[in-house]
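Peer 1: heads up, no residue letters with this:
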């Protein structure tokens, strides 16, 4: 009887299959396999078959990028479709110092490439030393006072290394492998000399594709090989300059520790200084001033990320046709892109055909400079379809604020502050997760509550209220029109009732920080009033007599669309704001219709830990101190009834200013793709 089941991978199942096969033979019909030495032989056969099956299964998995688990295999498969994984990124800091050379005749001072600063990390790595280097020489002139000022120089964490190769044309299998792991390929520099003794160098540039590569292009390519190392590839005389026999190749790079060197702000000078005459300068260096703490260090691209982006790059075939193509190609063009969102103008309301809008969050910083935007647009034209215009728009932050009431069993925790600190720490960790801090991010309410509940065994439950916030970047003393798009539907407190329900306070679903406007004395705030079927409403200005007594001073200053999550203000002259974080701001927040908040299109989702409140409440029912629940503290699931954000300015001398306002014709579009384009919003289930 032949074996018919080849899918068994379990040891016992394999052994049973062998027994069944033997029993089919008349010589073993009544044989007792369990009570004989043949049982040991069967165990050996079954074990051998089990191991063979396991190895065959693993080998089969490793030949497909979707199922491969070993980095070497995933990288090799990605290399076959032209994808090079992102290398480690060195942490970057900006420092300044001066060198006193007044007692010399030097007219310039050069800081040589290599190690320049030493430092010590903080926190869990407080005992670890770090070296910061520069990849190129920096030369500054000596001023009239005899000082060489090295201001705002960027230093990179890691050890500066130079690797050399001599081209041997007789060795057809010669490879140029950089033997170190942890290389930041963005800081890689490759120069070639005709021979080792030659003093004339030719600098080669890194290319990621064959675009613009001709026979005279000094190009080199890189690919990741085993153990996170890299191999240099040069041209063949058709695509890129071909190296000749005895050419001498010098590859200089920095070996970095990645993210572990972030957040360092104290440095000591260890660099090599040379005067204009070539003499070594060993004294006169001032104390190092840290202009910007180290940051931007990143680990090497993960296996999961390679699996995600390699097929997308291959699918795009170096052509930008769909929005997904732009999102896949831009990180290859601009490696500093942390997150990319692209969407077609046809998705706007009203549509803007023939345009692709791209928003980019860089690793270091918030916005892209005008020069970088212009350069990226020129690069994207090489890949985009003729007639399609790309436009890079600044990202817009959508902040999530949470107010958490955490119920805990006092018998299982030493103090309330202990529970509060643990819950706060876990919230900060969630704020740094991949769910948020990106375009297309999604704040998952149930998972957020789970993070809090699992902070400690004493936590029994939590009641968490969510608000979403956008900030208006105000243009002071200028009549300007403002538009805020939240990309998420707003919750209306009097939802299901008319706009005038039982004489209660109607509207006030949005909250703003205070500001002053031309023509009205004192501090005003933004409020809203629903109309009709409650899908839309009007925006007005009001003052506060008390925390619960608003007084409307100007009607119809704008409109609000509750379903789309959009607020538009008519031209208004704002004189000052109560909130200023380097620039005057008006904070505007609302409760989302669904507690699962998404980052739509160019909205970059962030959990604002600075505006997250965690209060702990003793659960006396669970602890047994108040089983009847007589003194149980109830927390609302619908947020507070506070009318404004931040500082409340009360004014008892409110006047009866006109409630109507006709703006001038001068309109400045602020905070939007344009002052007519609006984002669409799909329907979501309500959290209320």
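Peer 2: Arrived safely, thanks for sending. All values derive from a computational prediction rather than experimental measurement.

Peer 1: does residue 604 touch residue 361 like I think?
Peer 2: Yes. In this structure, residue 604 is within contact of residue 361 by CB atoms under 8 Å, at 5.6 Å. C-beta here means a position set from N, CA and C on the backbone, and glycine is covered the same way.

Peer 1: between these two, which contacts overlap?
Peer 2: Counting by CB atoms under 8 Å, 6 or more residues apart in numbering, the shared contacts of residue 604 and residue 361 are 339, 395, 438-439.

Peer 1: in helices, which of the residues you listed fall?
Peer 2: Using DSSP state H, no member of the shared contacts of residue 604 and residue 361 falls in helices.

Peer 1: rank the residues you listed by pLDDT and give me only the lowest.
Peer 2: Across these, no position has a lower pLDDT than residue 438, which has 70.

Peer 1: bridge partners for that residue, pull those for me.
Peer 2: residue 605 (DSSP bridges).

Peer 1: check residue 206 too.
Peer 2: According to DSSP bridges, beta-bridge pairing links residue 206 with residue 220.

Peer 1: ok, it - contacts?
Peer 2: Counting by CB under 8 Å, 6+ apart, the residues that residue 206 touches are 185, 188, 190, 219-222.

Peer 1: let's have the residues you listed in CSV, adding neighbour count, pLDDT and distance to residue 66.
Peer 2: What follows is those, written out as CSV (neighbours: other CB atoms under 10 Å; pLDDT from 0 to 100; distance: CB to CB, whole Å):
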residue, neighbour count, pLDDT, distance to residue 66
185, 19, 91, 26
188, 19, 93, 31
190, 22, 94, 34
219, 20, 92, 32
220, 22, 93, 31
221, 18, 91, 26
222, 21, 91, 25
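
Peer 1: biggest separation within those residues, which pair?
Peer 2: By the measure CB to CB, 185 and 219 form the most distant pair in these, at 14.6 Å.

Peer 1: the helix or strand residue 417 falls within: which residues count as buried?
Peer 2: Per DSSP states H and E, residue 417 falls inside helix 416-431. For helix 416-431, burial by neighbour count (16 or more other CB atoms under 10 Å) applies to 416, 419-420, 422-424, 426-427, 430-431.

Peer 1: neighbours of residue 144, how many?
Peer 2: Using other CB atoms under 10 Å, residue 144 has 5 neighbouring residues.

Peer 1: what about it, is that helix, strand or coil?
Peer 2: Following DSSP: H, G, I helix; E, B strand; the rest coil, the label given to residue 144 is coil.

Peer 1: how close does it get to residue 102?
Peer 2: Separation of residue 144 from residue 102 (CB to CB, to the nearest Å) stands at 10 Å.

Peer 1: for residue 376, helix, strand, or coil?
Peer 2: helix.

Peer 1: how about the shared contacts of residue 604 and residue 361, which pair is most distant?
Peer 2: 395 and 438 (10.4 Å).

Peer 1: now do the shared contacts for the two.
Peer 2: 361, 604.

Peer 1: now do the contacts for residue 216.
Peer 2: Here residue 216 is in contact with residue 241 (CB under 8 Å, 6+ apart).

Peer 1: near residue 397, how many other residues are there?
Peer 2: Neighbours around residue 397, by other CB under 10 Å: 15.

Peer 1: I figured it hits residue 468, correct?
Peer 2: No. Using CB under 8 Å, residue 397 makes no contact with residue 468, being 10.7 Å away.

Peer 1: neighbours around the closest residue to residue 596 other than its chain neighbours, how many?
Peer 2: Nearest residue to residue 596, sequence neighbours excluded (CB to CB, 6 or more residues apart in numbering): residue 445, at 5.3 Å. The number of residues packed near residue 445 is 18, by other CB under 10 Å.

Peer 1: and residue 22, that one's in a helix?
Peer 2: Yes. Assessed by three-state DSSP, residue 22 belongs to a helix.

Peer 1: separation between it and residue 42?
Peer 2: 8 Å.

Peer 1: please point out which parts of stretch 148-164 sit buried.
Peer 2: 148-150, 153, 155-161, 163.

Peer 1: buried stuff in stretch 290-309?
Peer 2: Quick answer for stretch 290-309 (16+ other CB under 10 Å): 290, 293-298, 300-301, 303, 306-307, 309.

Peer 1: just give me the least confident of those residues.
Peer 2: Scoring the buried residues of stretch 290-309 by pLDDT puts residue 309 last, at 79.

Peer 1: and the gap between residue 15 and residue 151?
Peer 2: Relative to residue 151, and taking CB to CB, residue 15 is found at 75 Å.

Peer 1: cool, and residue 193?
Peer 2: From residue 193 to residue 151 the distance is 33 Å (CB to CB).

Peer 1: same thing with residue 421?
Peer 2: With CB to CB as the criterion, residue 421 and residue 151 are 41 Å apart.

Peer 1: just to revisit the earlier point, among the shared contacts of residue 604 and residue 361, which one sits closest to residue 473?
Peer 2: Nearest member of the shared contacts of residue 604 and residue 361 to residue 473, counting by CB to CB, is residue 395, at 12.8 Å.

Peer 1: leaving out chain neighbours, which residue sits closest to residue 387?
Peer 2: Nearest to residue 387 is residue 354, by CB to CB, 6+ apart, at 6.5 Å.

Peer 1: show residues contacting the helix holding residue 417.
Peer 2: In contact with helix 416-431 (CB under 8 Å, 6+ apart) are residues 402, 404, 406, 408, 410, 413, 436-437, 447-448, 451-452, 454-456, 458-459, 462, 606-609, 612, 614-616, 618.

Peer 1: and for stretch 362-374?
Peer 2: 89, 92, 295-296, 298, 334, 336-338, 360, 376, 392, 394-395.

Peer 1: give me that answer again for 10 Å
Peer 2: 89, 91-92, 292, 295-298, 334-339, 358-361, 375-376, 391-395, 397, 604 (CB atoms under 10 Å, 6 or more residues apart in numbering).

Peer 1: what about the helix or strand harbouring residue 119, distance to the chain center?
Peer 2: Taking DSSP H and E as the criterion, residue 119 maps to strand 114-120. Distance of strand 114-120 from the chain centroid (CA atoms, centre = their mean, to the nearest Å) equals 28 Å.

Peer 1: helices or strands up against that strand?
Peer 2: strand 92-100, strand 129-134, strand 147-157, strand 159-166, strand 248-255, strand 267-269, strand 289-295 (3 or more CB pairs under 10 Å, 6 or more residues apart in numbering; DSSP states H and E).

Peer 1: now those strands as TSV including distance to residue 507?
Peer 2: Formatted as TSV, the helices and strands packed on strand 114-120 follow (distance: least, CB to CB, whole Å):
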stretch	distance to residue 507
strand 92-100	48
strand 129-134	55
strand 147-157	50
strand 159-166	62
strand 248-255	58
strand 267-269	55
strand 289-295	43
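
Peer 1: nearest to residue 237, out of the ones you listed?
Peer 2: strand 248-255 (16.5 Å).

Peer 1: now the closest one: buried residues?
Peer 2: For strand 248-255, by 16+ other CB under 10 Å, it's 248-249, 251-255.

Peer 1: same check on stretch 467-474?
Peer 2: 467-472, 474.

Peer 1: show me the residues you listed that map onto strands.
Peer 2: 467-472 (DSSP state E).

Peer 1: out of those residues, which is nearest to residue 10?
Peer 2: Among these, and counting by CB to CB, the member closest to residue 10 is residue 468, at 50.9 Å.

Peer 1: okay, now the nearest residue to that closest one once chain neighbours are set aside: neighbour count?
Peer 2: Counting by CB to CB, 6+ apart, residue 468 lies nearest to residue 592, which is 5.2 Å off, once chain neighbours are set aside. By other CB under 10 Å, the residues close to residue 592 number 25.
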